[in-house]
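*Asks:* Show me the folded form of this:
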Amino acid sequence: MTRPQTTKRDEIPQQHRWAPEHIFEDWPAWEQACAELERLIEAYAALKGSLARGAEALLDSLRLADELGQLAHRVYYFPALRHDEDQRDNQVGAHRQRAQILLARAEQASAWFNPELLQIPLATVRGWMEALEPLRLYRFALEEIYRQQEHVLDDAGERLMSLGARFRRAASEAYAALTTADAHFPSVTLSNGEEVTMTHGRYRAILSTSRVQADRRAAFEAIYGLYAAAPNTYAALYDGVAQRDWFVAQARHYASTLAAALHGNNIPEQVVDNLIAATRSGTEPLRRYHRLRKRVLGLESYHPYDGTCPLMETTTSYPYDQVQRWIVESVARLGESYQQRVGVAFQARWIDVYENEGKRSGAYSAPVYGVHPYMLLNYNDTLDDMFTLAHEMGHSMHTILSHQSQPFVYAGYTIFVAEVASTLNEALLLELLLERTEDPRERVALLQHAIDTICGTFYTQVLFADWELEAHRMVERGEPLTAERLSALYMELLERYYDDVFPKDELYGLTWARIPHLFRSPYYVYQYATCFASSAKILTDLGGAQGAAALERYLELLRSGGSDHPMEQLRRAGVDLSRPEPMEAVTRQLDDLVGRLEGELDRLQQS
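*Replies:* Okay, here's the model as predicted:
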């Protein structure tokens, strides 16, 4: 089936639209759930002061928290998914805001728990767990609260922090509205005379498919023009994000925003420091690749917007219906059960496939406990879209295995391990296609994609992490975050990573303003790089002499959810990120792939 030639949502075939009705049948059912959630919130708040009564009282509070959390999950995602279908719909947006208010109320109603628990000695709680078997389920969760005790405030302090929950989202939500719902995407006339509306999805498609530099530059100037029109607004929003992070860090007695971000998952700060240092010292293969690109493309001046277009002209497209079959085949190495689950995901309307008017840009997998994951795409039949689909399917399978294996309290895996399954799925699809292709031009395209994946998932994300770490440190030092300073910092790092590969195009300094994760989830992007290194190590183990054991370790990682610290989960899967070797291995892998690409290009030139 070909991609729909429409952006009208109701004209897109139903099988390519997700089904939020799997969560609730309709809005009246959602309203009833909201009422039930309000009742549970009040019931949980009423438990304040009960923990000292003993093991049964503690167990009751934990079970009620699980019940409340599961319902809150569904109450939030039903309007959130509807909102992302069309962010212009104010009525749905109001429902989403109501759900957010309920979640904030739930947070406020539970603010008493940690301070009250910490009034009870850990030895006493351990004794309760030994005496009451059902309470042992919560051992890791309870002991984590005690581990983080020095950063838990008293009852009044925790209540004050909970009251600020909605305010702390303001800058991120304003950014989302400014870049999507209120964005006025410009029209651009391409070199072939076609006039297109330059949405985020169309911008990525042009940069990854067009071999006409003038079109890539026009797309770049159109999208970046949105940010250049309001740089001070974006800087003010980012300052709000960074100031929020610094406020929370200081309020909870952390030395830095990085320490605050890492402590919850018990990740040493050296992991980030080593990641940045190892990447900065391993940039030569990255520069080598882009110098090769400039030569092969025959460009007098080479820019970042030239960094992902195909090295060889190709008309190959990757229709969604074909790609889903390839993805199912590619995961055969992960076992029959895993493969069957992937097949179900494609057939059961878990996925919202195509772009439509007002739809949120990008892609994600949303974990709805007790239902199934929901995957948002903006599929345009490109090579990048194909691997994005494999990527999000990896997230969804991680979610399924975790939710089916863990109780609610441990069902949510940490961000630190979240990208392992997604990048491994991409690697498996790449392997399948490289094995099957007999077309040397397609081999070049696939090798280029493998290299671009390393550049984008590893090097680019480390550069972003480098930037946000320094931006946060500027706030910690009391320095202002202006648009000029933030852009200058980005340009400085671009030169540090790429040397003289790119000319100094000042407009590219605004790249920080168009990266949603920097506004939505600070200290998130570095984990793309650590997860990429982890998945590369696991993939190597899967192909080794002990492949069966490696597979079981990997599936256990996915099944383990959030039941342990992520560094320990990865160690059991065969990866130690406390050492620089995984990151250095990625640099060597890139150098090898660039060499293979050079060889393929030389052979094509000689034939």
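*Asks:* Let's verify V196: helix, strand, or coil?
*Replies:* strand (DSSP: H, G, I helix; E, B strand; the rest coil).
*Asks:* cool, M375 as well?
*Replies:* Here M375 takes the strand state, with states given by three-state DSSP.
*Asks:* Can you name the residues that contact it?
*Replies:* Shown here is M375, whose contacts under the criterion Cβ atoms under 8 Å, 6 or more residues apart in numbering are 18, 345, 350-352, 363-366, 392-393, 395-396. For the C-beta atoms, the positions are set from N, CA and C on the backbone; glycine is no exception.
*Asks:* Which PyMOL command selects the buried ones in those?
*Replies:* Filtering those down to the buried ones (16 or more other Cβ atoms under 10 Å) takes a single PyMOL command:
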select buried, resi 18+345+350+351+352+363+365+366+392+393+395+396
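*Asks:* The contacts of M375 in strands, which ones?
*Replies:* Secondary structure assignment (DSSP state E) places 351-352, 364-366 from the contacts of M375 within strands.
*Asks:* Nearest to K537, out of the residues you listed: which one, please.
*Replies:* Among the ones in strands among the contacts of M375, S365 lies closest to K537 (Cβ to Cβ), at 22.8 Å.
*Asks:* Contact partners for that closest one?
*Replies:* 373-376, 392-393, 395-396, 399.
*Asks:* on that earlier part again, out of the ones in strands among the contacts of M375, flag the one nearest to N114.
*Replies:* When the ones in strands among the contacts of M375 are compared for distance to N114, the smallest value, 27.0 Å, is given by A366; criterion: Cβ to Cβ.
*Asks:* how far away is that closest one from P79?
*Replies:* Relative to P79, A366 is positioned 12 Å away (Cβ to Cβ, to the nearest Å).
*Asks:* so V501 is in which element?
*Replies:* Counting by DSSP states H and E, no helix or strand carries V501.
*Asks:* Now the phi/psi pair for it, please.
*Replies:* phi -60, psi -40 (degrees, to the nearest 10).
*Asks:* How many residues are close by it?
*Replies:* Other residues lying near V501 total 21 when counted by other Cβ atoms under 10 Å.
*Asks:* Equivalent analysis for D499, please.
*Replies:* For D499, the tally of surrounding residues (other Cβ under 10 Å) stands at 14.
*Asks:* For it, which non-adjacent residue is spatially closest?
*Replies:* Closest residue to D499 in three dimensions, ignoring its sequence neighbours and counting by Cβ to Cβ, 6 or more residues apart in numbering: R287, at 5.6 Å.
*Asks:* For that neighbour, which residues are in contact?
*Replies:* Residues near R287 by Cβ under 8 Å, 6+ apart: 498-499, 501.
*Asks:* ok, now A205?
*Replies:* Neighbouring residues of A205 by Cβ under 8 Å, 6+ apart: 380, 382, 384-385.
*Asks:* gap between it and S560?
*Replies:* Noted for A205: a distance of 37 Å to S560, by Cβ to Cβ.
*Asks:* And for G335?
*Replies:* Plainly put, G335 is 17 Å away from S560 if you go by Cβ to Cβ.
*Asks:* Settle it for me: which of those two has more neighbours?
*Replies:* Neighbour count, other Cβ under 10 Å: between G335 and S560, S560 has more, with 21 against 15.
*Asks:* Tell me the backbone dihedrals of the nearest residue to that one once chain neighbours are set aside, please.
*Replies:* Distance criterion Cβ to Cβ, 6+ apart; nearest residue to S560, sequence neighbours excluded, is Q569 at 5.5 Å. Per-residue torsions, Q569: phi -60, psi -40 (degrees, to the nearest 10).
*Asks:* Run a quick check on Q569 versus V417, I expect a contact.
*Replies:* Yes: with the criterion set as Cβ atoms under 8 Å, Q569 and V417 qualify as a contacting pair; they are 6.0 Å apart.
*Asks:* Let me know the closest of the contacts of M375 to T279.
*Replies:* The nearest one, if we look at the contacts of M375 relative to T279 and count by Cβ to Cβ, is H395, at 23.8 Å.
*Asks:* rewinding a little: I'd like the ones in strands among the contacts of M375 as TSV, with pLDDT appended.
*Replies:* Converted to TSV, the ones in strands among the contacts of M375 look like this (pLDDT from 0 to 100):
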residue	pLDDT
I351	97
D352	97
Y364	96
S365	97
A366	97
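*Asks:* Just name the closest of the residues you listed to L58, please.
*Replies:* Distances from L58 to those, taken as Cβ to Cβ, are shortest for A366 (31.4 Å).
*Asks:* Contact partners for the residue nearest to that closest one when sequence neighbours are not counted?
*Replies:* Counting by Cβ to Cβ, 6+ apart, Y374 is the residue found nearest to A366 once chain neighbours are left out, at 4.5 Å. If a contact means Cβ under 8 Å, 6+ apart, then Y374 has 18, 20, 77, 81, 350-352, 365-366, 368 as its contacts.
*Asks:* Tell me the spacing between Y374 and E221.
*Replies:* Using Cβ to Cβ, one obtains 35 Å as the distance from Y374 to E221.
*Asks:* Then L47?
*Replies:* Here the distance between L47 and E221 works out to 58 Å (Cβ to Cβ).
*Asks:* Which parts of the stretch 501-607 of the chain are helices?
*Replies:* Taking DSSP state H, counting those that start in this stretch as the criterion, the stretch 501-607 of the chain carries its helices at 516-520, 526-542, 547-559, 566-572, 581-606.
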